[in-house]
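K.L.:
predicted coordinates and the sequence they were generated for:
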Amino acid sequence: MSDKRLIVDGLSIEFAGQSVVRNLSFILEPGKTLALVGESGSGKSVTARSLIGLAGAGARVTARTLSYGGRDLLMLSERDWRAMRGKGIGFVLQDALVSLDPLRPVGKEIVEVLQTHRWGDRRSRTARVIELLEQVGVPEPELRARQRPDQLSGGLRQRALIASALALTPGLVIADEPTTALDATVQAQILSVLQDIKARGDSLLIISHDLAVVAQLADDVLVLRHGEVVEQGPMERVLRDPRHPYTRALLDAVPAEHARGTRLSPERKPDSIKPRPSSDAPVLLHASGLSKGYIGTDHQSRQVVNDVSFELRAGRTLGIVGESGSGKTTVSRMVLGLLEPDAGQVRFLDRPWTGADGHRVNEKDRRAYRRDISVIYQDPLSSFDPRWTVRQILADALDVAGVGLQEQPARIVRLLDQVRLPAELAARRPLQLSGGQRQRVAIARAIASNPKVIICDEPVSALDVSVQAQVLDLLADLQAELGLAYLFISHDLGVIRHVSDEVLVMRHGKVVERALVDDLFDNPQHAYTRQLLGAVPRLPGAGIKLVAPPLEPEDDLPLFDESRLWKIAI
């Protein structure tokens, strides 16, 4: 194609007569990046899918002009689209677990793209797969290429999906939330890969709720709300000097732009959140010397967690950060009593909770205190029974907490009110709720037993920035109201800074730094902490990045992924 411009003029999309995108227009030149931003339901993803002929069953797509490389995209047959996808236009879907075939290794997913377009022979295709996985920052690419999606972390699955989209070096790449669920250093690697697309003269259309990522990549920004453009222009102007109130509201919801203890959303007042208890509050959870190792699929022994210790006090929040494979998830599973450590122990409410050897605890002994510790998962949809209504989900949690059948209806209404949801939502099923509503139901389920501690495992990573703001404010309100203690795991350092009192930084299973939140962010002591903070994308004018000195060679160990090994241990 000599002319690789994407021209969109008057694009409109309808489903069953209902308009979801109206009169959208832009031109994307080669070597440029355009970002589509806006809340869930604004029309971003359906716009992206319409550009590759995948708007969905029943979609009516119209436009005055919709062309790429001089070809009218509205006139392409399905055979034409198969030739175009992958080679002319690459597409990175948002949900890698759903997008990848669960029954075959990710390397074969990438090979299929090459085979479909008759690229190379068997040997060259195998070499290309390894090259692509290395390019997007996948550690041990030969091993990962042989693994299925369920054996990889969310970040590794997303990188494999990006590798598949880049396999044939397409002239246009459409990336729908390509850095969701990635930690800061891996996100920086992916941003570098995406910037290379521009550098080689190709174009990138990116959809992201992370405005700092948009600031790193985009030349121009287009803000969508309810299917209509409310603002568009050069990235610097839109993000530094937004003209529309909706754009300003999106920027105001970014955690990194607010002082700790202030509200992120205008949903409820007052403007500030009640201060947390002091650092001498009672210790609820005490972990000492936790260690855990596994035998991986390559039959190699790996130490996933190595001598981790910490305390969690009433009403306080301990944040845990680190790359994928640092041991965060394994620590949380040991804290929940779902996994026994090889060494060390956890004490909960000053009682033995889980431990190794002489400290082992029977689940029967833990059962009486199970209601005092709860969990909020990253993906609530996967943790709900899709056949159950919200009422049934909450009733089940209340059953476990010992609440009688007669009391449950009133308690369910109260729980929904506590998480700012209307009572009529009790009759809906999870698929009938938005992402933010599902996460609020997950929080309602977590507090149903009146716990003292809640493990928050990436509870806002998949949410739009404005919905994320509402959920973070809700968690802060509940902490102040109920005296909850949070163990908060997140790859988003802006979120960690906003919610935490103290932060634990993990690398290769070890704690490399532990400090009060302001001390850690203002004066990090460890080179790896400085590297993490330096990798965080920032909005225009948000300050200067930290520059980390090189890590010590003996500390620069191979990365591994505890989530795939967890499945083997079970």
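P.N.:
Good, I have the coordinates.
K.L.:
does Ala476 touch Val499 like I think?
P.N.:
Yes - contact status for Ala476 versus Val499: in contact at 7.2 Å, counting by CB atoms under 8 Å. (Glycine included, C-beta is placed from N, CA and C.)
K.L.:
which SSE is Trp81 in?
P.N.:
helix 78-84 (DSSP states H and E).
K.L.:
what residues does the closest residue to Ser42 other than its chain neighbours make contact with?
P.N.:
Closest residue to Ser42 apart from its sequence neighbours, by CB to CB, 6 or more residues apart in numbering: Leu224 at 4.2 Å. Going by CB atoms under 8 Å, 6 or more residues apart in numbering, Leu224 touches Val21, Leu24, Leu36, Val37, Gly38, Ser42, Gly43, Lys44, Thr47, Val230.
K.L.:
can you put those in TSV and add secondary structure and distance to Leu194?
P.N.:
Formatted as TSV, the contacts of Leu224 follow (DSSP: H, G, I helix; E, B strand; the rest coil; distance: CB to CB, whole Å):
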residue	secondary structure	distance to Leu194
Val21	strand	24
Leu24	strand	22
Leu36	strand	15
Val37	strand	16
Gly38	coil	20
Ser42	coil	22
Gly43	coil	22
Lys44	helix	17
Thr47	helix	19
Val230	strand	25
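K.L.:
can you list these in a markdown table and add neighbour count, distance to Ser153 and pLDDT?
P.N.:
Shown next, in a markdown table, are those (neighbours: other CB atoms under 10 Å; distance: CB to CB, whole Å; pLDDT from 0 to 100):
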| residue | neighbour count | distance to Ser153 | pLDDT |
| --- | --- | --- | --- |
| Val21 | 23 | 33 | 95 |
| Leu24 | 22 | 35 | 96 |
| Leu36 | 26 | 27 | 95 |
| Val37 | 27 | 26 | 93 |
| Gly38 | 25 | 28 | 89 |
| Ser42 | 24 | 29 | 87 |
| Gly43 | 23 | 30 | 88 |
| Lys44 | 26 | 25 | 90 |
| Thr47 | 26 | 29 | 94 |
| Val230 | 17 | 36 | 96 |
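K.L.:
now, which of the residues you listed sits nearest Leu166?
P.N.:
Here the nearest of the contacts of Leu224 to Leu166, counting by CB to CB, is Leu36; it sits at 19.9 Å.
K.L.:
contact partners for the closest one?
P.N.:
Lys44, Thr47, Ala48, Leu205, Ile206, Ile207, Leu222, Leu224.
K.L.:
turn those residues into TSV, including distance to Lys32 and secondary structure.
P.N.:
Output for these, formatted as TSV (distance: CB to CB, whole Å; DSSP: H, G, I helix; E, B strand; the rest coil):
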residue	distance to Lys32	secondary structure
Lys44	18	helix
Thr47	17	helix
Ala48	16	helix
Leu205	10	strand
Ile206	11	strand
Ile207	16	strand
Leu222	12	strand
Leu224	19	strand
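K.L.:
quick one: the residue nearest to Ser42 from Arg125, how far?
P.N.:
Separation of Leu224 from Arg125 (CB to CB, to the nearest Å): 38 Å.
K.L.:
now swap in Arg64 and tell me
P.N.:
When distance is defined by CB to CB, Arg64 is 41 Å away from Arg125.
K.L.:
looking at those two, which one has more neighbours?
P.N.:
Arg125 (18 against 12; other CB atoms under 10 Å).
K.L.:
which element is the residue lying closest to the more buried one once chain neighbours are set aside on?
P.N.:
Spatially, and ignoring its direct neighbours in sequence, Arg125 is nearest to Leu114 (4.7 Å; CB to CB, 6+ apart). Following DSSP H and E, one finds Leu114 within helix 106-116.
K.L.:
same question, Gln94
P.N.:
Using DSSP H and E, no helix or strand contains Gln94.
K.L.:
for Arg157, same thing?
P.N.:
Using DSSP H and E, Arg157 falls in helix 154-166.
K.L.:
am I right that Val20 is in a strand?
P.N.:
Yes - counting by DSSP: H, G, I helix; E, B strand; the rest coil, Val20 is located in a strand.
K.L.:
contacting residues around it?
P.N.:
By CB under 8 Å, 6+ apart, the neighbours of Val20 are Ile13, Glu14, Gly43, Val46, Gly227.
K.L.:
from these, pick the one nearest Leu251.
P.N.:
Gly43 (19.9 Å).
K.L.:
for Arg22, see how far away the closest one is.
P.N.:
8 Å.
K.L.:
hey, what's in contact with both of the two?
P.N.:
If you check Gly43 and Arg22 against CB under 8 Å, 6+ apart, the residues they both contact are Gly227, Glu228.
K.L.:
surely Ser42 touches Val230?
P.N.:
No - the criterion here is CB under 8 Å, and Ser42 misses it with Val230 at 9.3 Å.
K.L.:
need the per-residue pLDDT for the residue sitting furthest away from the middle of the chain.
P.N.:
What lies farthest from the middle of the chain is Gln406; by CA atoms, centre = their mean that is 38.7 Å. Per-residue confidence (pLDDT) for Gln406: 92.
K.L.:
for it, helix, strand, or coil?
P.N.:
Once three-state DSSP is applied, Gln406 turns out coil.
K.L.:
do Leu533 as well
P.N.:
Of the three states, Leu533 takes helix under three-state DSSP.
K.L.:
pretty sure it is touching Gly494, no?
P.N.:
No - with contact defined as CB under 8 Å, Leu533 does not reach Gly494; the gap is 10.6 Å.
K.L.:
helix, strand or coil: sort out the residue lying closest to Arg351 once chain neighbours are set aside for me.
P.N.:
Computed as CB to CB, 6+ apart, the closest residue to Arg351 that is not its neighbour in sequence is Tyr369, at 6.9 Å. Recorded secondary structure, Tyr369: helix (three-state DSSP).
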